[in-house]
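Asks: when you get a sec, could you give me coordinates for this:
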Amino acid sequence: MSRSGSGTRTETNPRHAGTAGVAGVAGGLLWAALVVLTFAADRGVTSLLWYGTLDALTPLALALMGAGLAGYRARTRPAWGLLATAGFAVFGAGLLGALAGSTAYVVGEILAGWTVSVWAYSLALVGATTFGLGLLRAGVEPRAGAGLLAGSLPIGAAVSLSLAVSGVVPDEAVVPVGPGVLLGVGVAALGWWLWRSE
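Replies: Just a heads-up that it's a prediction; the model follows:
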């Protein structure tokens, strides 16, 4: 084991860390873009991508985020405390459930898959917030990624809700946009750190 300057313990040469980091960046940014594009499509702002395309890209984004998080876990797990470990377990379970549900919906055209993916994604948001708080508490790098994850649900929902209530974006459908963007960018930040620290 080696230590980085901030006290984060990392394995010296994890296998495929760079690939997992790139997957995390791609998945996180794709997820953030999908959240914004879905909201825009709901408002009729964009017809560039129709719902079928957005739905088809969802399992890809979730799988890439999962791969990035698995690589991040392999690299930083010894430095985690109990809160980060518990948060990761809930986050991972939520992402896997959302992946299974969205894949069933897209590939198998099973409508219940969409419902499963929505509830599982809600679980993933709770897990991401807990995971981010645990990483911050344990001092695990990157602090920016941990902060984005920690704020994904409370700050993201509060900002989006305030935009809806204040009339800036007079539509309650904006509420999931803030948490989704913060979650995606947070995972991308973890992936970027993982790729750069290889």
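
Asks: residue 52: neighbour count?
Replies: Neighbour count for residue 52, taken as other Cβ atoms under 10 Å: 9. All C-beta spots, glycine's among them, are computed from the backbone N, C-alpha and C.

Asks: heads up, I number from 48, so please use that
Replies: All set: I'll call the first residue 48, so the last point we hit is now residue 99.

Asks: residue 77 versus that one, what's the distance?
Replies: Here the distance between residue 99 and residue 77 works out to 16 Å (Cβ to Cβ, to the nearest Å).

Asks: again, but for residue 224
Replies: The value you get for residue 224 to residue 77, if Cβ to Cβ is used, is 15 Å.

Asks: just the strands in the protein please.
Replies: Using DSSP state E, the strands of the chain run over residues 49-50, 56-57.

Asks: mean pLDDT lowest where, among these?
Replies: Ranked by mean pLDDT, the strands of the chain bottom out at strand 49-50, with a mean of 40.

Asks: buried stuff in stretch 78-85?
Replies: Using 16 or more other Cβ atoms under 10 Å as the test for burial, stretch 78-85 gives 78, 79, 80, 81, 82, 83, 84, 85.

Asks: ok, now how distant is the nearest residue to residue 75 once chain neighbours are set aside from residue 220?
Replies: In space, and not counting its chain neighbours, residue 75 is closest to residue 235: 3.1 Å by Cβ to Cβ, 6 or more residues apart in numbering. Using Cβ to Cβ, residue 235 is found at 24 Å from residue 220.

Asks: give me the distance from stretch 112-119 to the chain's centre.
Replies: Mean-position distance between stretch 112-119 and its chain equals 10 Å (Cα atoms, centre = their mean, to the nearest Å).
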